[in-house]
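Q: Need coordinates for the following:
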Amino acid sequence: MGAITMQVNSTALYKAQKAGGVKYDEAKHCKMIIDCMNTGGTLSGFCVSAGIGDRAFYKWMHQHELFMDCYRLGCMIARENWEREGEAGKGDETFDLELWKTQGAARYGVGKTNRVRVHIDAESTPYDQYKQLLSQASMGDFTASELKQLMESINIGIRAYESFQLQKEVDTMRKDLLKMNQNNGNNIVPIKTA
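A: From the prediction side, this is the model:
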């Protein structure tokens with residue numbers, strides 16, 4: 001049996017990306033994400049249909065609250081469809097229960113796998129990442145232990161960020177002191193080197 005591949009217009013996708021990517025259109029993309037999730041689609045399926053990458057998807061999620069709400073609603077619809085499929089397949093001998101369970105684990109966290117998806121903007125400060133993580137946690141995306149580990153990681157990031165910021169300030173002060181020392185020729189009492 002051969003591999004099933006999608007038919008895509010690679011030239012059009014390339015040109016769209018080169019031109020700055022697909023621009024967010026609330027009416028179009030909010031409806032599209034709900035329709036995609038309702039018909040058994042996935043996040044990656046939506047991204048391909050919309051002609052965007054996952055980076056743009058998560059950017060839209062963080063910048064457009066209605067898009068995030070529509071995606072979360074789409075996820076709930078998809079899970080409900082999955083659960084109904086399982087109920088309908090109970091008495092059917094041809095129903096592949098193991099495949100159904102595997103899909104539930106991979107898509108909806110049923111039987112929770114070790115994979116955690118974090119939707120935070122890598123370019124933002126650790127303080128903003130902390131808020132983004134709390135927002136995602138409020139949607140029920142993590143178990144308590146996963147959230148604790150993620151929060152500890154962000155806290156370490158915050159401490160490192162603050163250390164780098166403090167070092168920048170110290171370096172600036174050193175440069176300022178050196179300039180002051182160089183321009184100290186007319187002073188009676190010389191400025192001691194820091």
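Q: Give me the longest helix you can find in this protein.
A: For the chain, the longest helix by residue count, based on DSSP state H, is helix 144-182.
Q: Give me the helices and strands touching it, please.
A: helix 126-138 (3 or more Cβ pairs under 8 Å, 6 or more residues apart in numbering; DSSP states H and E). No exception for glycine: its C-beta is placed from N, CA and C like everyone else's.
Q: which residues sit against the helix it packs on?
A: For helix 126-138, the external contacting residues (Cβ atoms under 8 Å, 6 or more residues apart in numbering) are 62, 118-121, 124, 142, 147, 150-151, 154, 157-158, 160-161.
Q: what's near enough to touch the closest residue to F57 other than its chain neighbours?
A: Using Cβ to Cβ, 6 or more residues apart in numbering and skipping the chain neighbours, the partner closest in space to F57 is C47 (5.4 Å). Counting by Cβ under 8 Å, 6+ apart, C47 makes contact with G53, D54, A56, F57.
Q: got a winner among those residues for most neighbours?
A: F57 (19 neighbours; other Cβ atoms under 10 Å).
Q: Would you mind measuring from the one residue sitting closest to the centre of the chain to W60?
A: With the centre of the chain defined as its mean C-alpha position, the nearest residue by Cα atoms, centre = their mean is H119, 2.2 Å away. Here H119 is placed at a distance of 11 Å from W60 (Cβ to Cβ, to the nearest Å).
Q: same thing with G45?
A: In terms of Cβ to Cβ, G45 sits 16 Å off from W60.
Q: How about D54?
A: Distance from D54 to W60, by Cβ to Cβ: 11 Å.
Q: Over to L177?
A: Separation of L177 from W60 (Cβ to Cβ): 47 Å.
Q: Who has more neighbours out of the two?
A: Under the criterion of other Cβ under 10 Å, the comparison of L177 against W60 puts W60 first, with 20 against 14.
Q: contacts for the helix or strand containing that one?
A: W60 is part of helix 54-63, with elements assigned from DSSP states H and E. Defining contact as Cβ under 8 Å, 6+ apart, one finds that helix 54-63 is touched by 21-22, 24, 29, 43-44, 46-47, 50, 52, 67-68, 71, 119, 121, 132.
Q: All set, thanks.
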